[in-house]
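Asks: only geometry, no sequence info:
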């Protein structure tokens, strides 16, 4: 169920109950502005990914700076974004099954809703659901551009696109060409190479579609990690960056051209944690473990204290190893930079927006747990 | 925010929206009964750990079969269990900070509430909070019996116990002696050895306390993995097993005396997932990834299909590798056994209780996200 607020607007940061999900509003706003500017200058459209934030409030912040719409991964996320006022959503994923497709088709009555397809039967049943709901659903053919997950090979894109174009309740809109794993390749050379391959595959798919006399209006993909590579390729008309608003410890392991950490965007997301036991010297036990942080991309780092090492998470605890000359007391706070922002956000009910060590804004993680 | 129900009571399992958290009610009830019987026969008390289920409904099921009360790890969990009708709760953890201790002391007015301490200053401020709230808080001295996390060494137990006994608003109740990491040691020999050491340390702490003329009424600890060892040691008066109701893939890697999987309790918890892409042969992409399953103890296994291998989770997807002669179609369902039950449950709003492939009972994961 929805948990109590960890703070009130106006509280000092030191009064916030822990663990809490903190957004440094200055850093967040700089990230928002920088991305709008980079993508704006590139001539491409920006459609930020809401799987990072799960929040219509943030989605509207992004659209206020020029984003054309929002992406999400799940139908239930789209429903919640719609409730929060977003009216142009791409579900950058397949939606399978009669019941979900009926819900999707119903939602499409009152907004511009786009979804991916990589299967002809799925496309046909989607068209049927849209016909029954008297709505029009836009579809992108998902092309596998290197992720090896969903998506067809480029030579199958044309036939799916033609089937979409021939479906009375569908609108063929273009290609989904997202390469997720490329975002976390460490060196610029690796990311450059992955993006070049992805661009080639997307070009091939586009050619296969255009050979059938169809217009491929949108080619959407790209992400925070490959942004500076993505903008160099004309094939993408639209970029889906999501993590840039928050960043995380794993993105901090990416490198830029000089081999230094990729720090175009700033860490604006922190888990505020308290010391709850100092019974062992050289260690401090924190109140944030597996239920407060995602560990799929490694443990959190400690903001401003690279000499404090977080390890050994259990359900509700983590252990900080600290240098011998350091001492932490019960109740001391540390700011943790999550290993992976998206699934960490999914553990919380509330964002606590902080500026100058004061709580300025609290808003819900509205699509937390929106799995279906 | 709270997500929509994935099913209605009376639905067939095939109609449940995915991903969904499924409880096999027959297996769950057998697990409940078997634990009540084993601990009952041992002459010890059972105080099941709610960090597994986060549900007052399940807590009351456990107490109906004789459990003396419930454990949890967080104050906010205790508040939610209280709201659901539980009136004897041990917070098997330290509660630090004036604000949390005030909440705790207030809650203690209307129930039997026990909490752990491992620090004298924390004990003093707890007493002050309880005095201010005009309540009595029971305290256990937490002893580190091998986990290396919270808890004092046995020789410091007596002084803390004496301070508790001397505190007008505290009631000294005994020792918390839980060895978490011992639960997942793979061989019976390793678990036996860890439990023997834990018992020795708990005995030493008890002796240090009794040397001060205090009665150590409760010694609480133990868990699902070490149950058959715990019951052999008279030192523990109370066992805190939690995972036994659900089990998980990681517990399935524990071994019994014959070297075969430790299967005293059954897997009753599953994540129901659907196939959402079959664009690559030999693979099926599932709709359950990092937001639907916890991966800290490895990926899920597939129920009834040890030849299907789940790998490569991303935020919303997982990939099943299936034998060449097998074929899965879009919309096919698989039941996944989570790697680790506790943090997986924490990702869901609803338990869907199923018997004979029909939804019989749906209840909330009330303390999901209760982090503070």
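Replies: Great, that's in hand. Worth saying up front: this structure is predicted, and the values here are computed from it rather than measured.

Asks: can we go C-alpha only for contacts and neighbour counts from here?
Replies: Noted.

Asks: give me the number of residues near the closest residue to residue A:118 other than its chain neighbours?
Replies: Nearest non-adjacent residue to residue A:118, counting by C-alpha to C-alpha, 6 or more residues apart in numbering or on different chains: residue A:151, 5.2 Å away. Residues within reach of residue A:151, counting by other C-alpha atoms under 10 Å in any protein chain shown, total 29.

Asks: same thing with residue A:212?
Replies: Counted with other C-alpha under 10 Å, residue A:212 comes out at 12.

Asks: hey, where'd the helices end up in chain A?
Replies: A:25-42, A:56-64, A:75-83, A:98-107, A:120-133, A:157-165, A:188-210, A:227-230, A:341-345 (DSSP state H).

Asks: follow-up on the earlier one: got the contact list for the residue nearest to residue A:118?
Replies: If you count contacts by C-alpha atoms under 8 Å, 6 or more residues apart in numbering or on different chains, residue A:151 has them with A:117, A:118, A:141, A:142, A:143, A:144, B:277, B:279.

Asks: now these as JSON lines including pLDDT?
Replies: Converted to JSON lines, those look like this (pLDDT from 0 to 100):
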{"residue": "A:117", "pLDDT": "98"}
{"residue": "A:118", "pLDDT": "98"}
{"residue": "A:141", "pLDDT": "98"}
{"residue": "A:142", "pLDDT": "98"}
{"residue": "A:143", "pLDDT": "98"}
{"residue": "A:144", "pLDDT": "97"}
{"residue": "B:277", "pLDDT": "96"}
{"residue": "B:279", "pLDDT": "90"}
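
Asks: quick one: name the residues of the stretch 201-350 of chain A near chain B.
Replies: A:276-280, A:285, A:290-292, A:295-296, A:315-316, A:319, A:330-331, A:342-343, A:346-349 (C-alpha under 8 Å from any C-alpha of the partner chain).

Asks: can you select the buried ones among those for me in PyMOL?
Replies: Below is the selection syntax for PyMOL that covers the buried ones among these, with 16 or more other C-alpha atoms under 10 Å in any protein chain shown defining burial:
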select buried, chain A and resi 276+277+278+279+285+290+291+292+295+296+315+316+319+330+331+342+343+346+347+348+349
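
Asks: so which of the residues of the stretch 201-350 of chain A next to chain B sit within strands?
Replies: A:276, A:277, A:285, A:319 (DSSP state E).

Asks: burial of residue A:324, as a residue count?
Replies: 9.

Asks: thinking it is in contact with residue A:283, fair?
Replies: No - look at residue A:324 against residue A:283 with C-alpha atoms under 8 Å: they stay out of range, at 9.2 Å.

Asks: and the residue most central in space within chain A, its phi and psi?
Replies: Nearest residue to the geometric centre of chain A (C-alpha atoms, centre = their mean): residue A:52, 3.1 Å. With angles defined as degrees, to the nearest 10, residue A:52 sits at phi -70, psi -50.

Asks: got a list of what it touches?
Replies: A:242, A:243, A:341, A:342, A:343, A:345.

Asks: nearest to chain B among those?
Replies: Of all the contacts of residue A:52, residue A:343 has the smallest distance to chain B: 5.9 Å, by C-alpha to the nearest C-alpha.

Asks: thought the closest one was touching residue B:291?
Replies: Yes - Residue A:343 is in contact with residue B:291 according to C-alpha under 8 Å; the separation is 5.9 Å.

Asks: name the residues contacting each of the two.
Replies: residue B:315.

Asks: neighbours around the residue nearest to residue A:349 when sequence neighbours are not counted, how many?
Replies: Spatial nearest neighbour of residue A:349, excluding adjacent residues (C-alpha to C-alpha, 6+ apart): residue A:365 at 5.1 Å. Neighbourhood size, residue A:365 [other C-alpha under 10 Å]: 21.

Asks: and residue A:356, by the same measure?
Replies: 11.

Asks: and it, how far from residue A:247?
Replies: 20 Å (C-alpha to C-alpha, to the nearest Å).

Asks: residue ranges with poor pLDDT in chain A?
Replies: By pLDDT under 70, chain A has no low-scoring segment.

Asks: domains in it, by residue range?
Replies: A:13-21+A:263-364, A:26-248 (automatic domain parsing).

Asks: residues touching residue A:336, list them.
Replies: Here residue A:336 is in contact with A:270, A:271, A:272, A:273, A:300, A:301, A:302, A:303 (criterion: C-alpha under 8 Å, 6+ apart).

Asks: among those, which one lies nearest to residue B:172?
Replies: Using C-alpha to C-alpha, residue A:273 comes nearest to residue B:172 of the contacts of residue A:336, at 28.6 Å.

Asks: the closest residue in space to that closest one that isn't next to it in sequence and residue A:287, how far apart?
Replies: Computed as C-alpha to C-alpha, 6+ apart, the closest residue to residue A:273 that is not its neighbour in sequence is residue A:19, at 4.8 Å. From residue A:19 across to residue A:287, the span is 7 Å (C-alpha to C-alpha).

Asks: which residue of those two possesses the greater neighbour count?
Replies: The residue with more neighbours, out of residue A:19 and residue A:287, is residue A:287; 30 against 26, by other C-alpha under 10 Å.

Asks: which residues touch the residue nearest to that one when sequence neighbours are not counted?
Replies: Sequence neighbours aside, residue A:317 is the residue nearest to residue A:287 in space, at 5.0 Å (criterion: C-alpha to C-alpha, 6+ apart). Taking C-alpha under 8 Å, 6+ apart, we find residue A:317 in contact with A:285, A:286, A:287, A:288, A:289, A:290.

Asks: just to revisit the earlier point, got a PyMOL select line for the buried ones in the contacts of residue A:336?
Replies: This is how PyMOL selects the buried members of the contacts of residue A:336, with burial counted by 16+ other C-alpha under 10 Å:
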select buried, chain A and resi 270+271+272+273+300+301+302+303
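
Asks: any idea which of the contacts of residue A:336 is the one closest to chain B?
Replies: Nearest member of the contacts of residue A:336 to chain B, counting by C-alpha to the nearest C-alpha, is residue A:273, at 9.8 Å.

Asks: so the closest one sits against residue A:331, correct?
Replies: No - applying C-alpha under 8 Å as the test, residue A:273 and residue A:331 come out as separate, 9.0 Å apart.

Asks: need the contact list for residue A:171.
Replies: Contacts of residue A:171 (C-alpha under 8 Å, 6+ apart): A:136, A:137, A:138, A:139, A:164, A:165.

Asks: now render those as TSV, adding neighbour count and distance to residue A:103.
Replies: Below are the contacts of residue A:171 laid out as TSV (neighbours: other C-alpha atoms under 10 Å in any protein chain shown; distance: C-alpha to C-alpha, whole Å):
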residue	neighbour count	distance to residue A:103
A:136	24	13
A:137	27	12
A:138	20	15
A:139	28	16
A:164	25	19
A:165	18	22
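
Asks: if anything else comes up later, I'll come back, but that's it for now.
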